[in-house]
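[1] Please find the sequence and the predicted model below.
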Amino acid sequence: MIARSRELFEEAPRCTQCGRVLPDVYDEDDICPTCKETNLFAEVKDFIRENDVKELDVAEHFDIPVSKVRKWIREGRIQYKGDAGQTVSAVHCQICGKPIDFGTLCPECHRLQGLQIVAKQYAEQKSEMRFFNKDK
């Protein structure tokens with residue numbers, strides 16, 4: 001039984017890039033969805049570097065939703081600007097609402113958020129402090 005399972009596992013179709021086992025019903029390619037996404041992202045990144053484009057141009061060129069391009073921008077994976085140095089539309093800081101080039105926070109809010117985290121950690125450490133031999 002175990003030998004047969006091992007045979008089936010070894011004979012299963014695999015992604016030609018990463019070696020992951022592909023489901024039997026997966027007949028699109030010999031590349032898994034994760035590798036397809038990675039390859040697409042690399043192509044998009046190169047396209048943006050080589051061309052002066054907007055998010056809509058990228059979406060149309062690669063036949064992908066604009067939301068996917070915006071998601072990559074929010075994740076900080078790609079960054080580019082629109083006309084005359086304006087940031088890409090619909091990408092704003094989640095805290096203050098200022099237009100940003102990439103990610104989810106503007107540099108000021110990102111810095112302030114980092115300071116708040118440090119202050120919170122310091123306060124927690126201070127409250128956990130214990131004194132030994134305080135009677136001496």
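    Looks like it arrived, so ask away. Numbering: from 1, shown residues only.
[2] For the closest residue to Val66 other than its chain neighbours, give its distance to Gly19.
    Among residues not flanking Val66 along the chain, Ala59 sits closest, at 4.4 Å (CB to CB, 6 or more residues apart in numbering). In this view, the C-beta of every residue, glycine as well, is placed from N, C-alpha and C. Going from Ala59 to Gly19 by CB to CB, to the nearest Å gives 31 Å.
[3] Settle it for me: which of the two has more neighbours?
    Neighbour tally, Ala59 and Gly19, criterion other CB atoms under 10 Å: the higher count belongs to Ala59, 18 against 9.
[4] What score does that one have for pLDDT?
    As predicted, Ala59 sits at a pLDDT of 91.
[5] quick one: it and Cys35, what's the gap?
    From Ala59 to Cys35 the distance is 21 Å (CB to CB).
[6] Just give the nearest non-adjacent residue to Gly103, would you?
    Looking at Gly103 with CB to CB, 6+ apart, the closest residue is Gly76, at 4.2 Å.
[7] Likewise for Val69?
    Glu55 (4.6 Å).
[8] Go ahead and confirm the one you found touches Lys68.
    No: between Glu55 and Lys68 there is no contact under CB atoms under 8 Å: 9.6 Å.
[9] between these two, who's got more neighbours?
    Remark: of Glu55 and Lys68, Glu55 carries more neighbours, 22 against 17, as counted by other CB under 10 Å.
[10] so what's the backbone phi/psi at that one?
    Taking degrees, to the nearest 10, you get phi -60, psi -40 for the backbone angles of Glu55.
[11] likewise Phe102?
    Dihedral pair for Phe102: phi -160, psi 170, per degrees, to the nearest 10.
[12] and what of Ile78?
    Backbone torsions for Ile78, taken as degrees, to the nearest 10, come to phi -130, psi 150.
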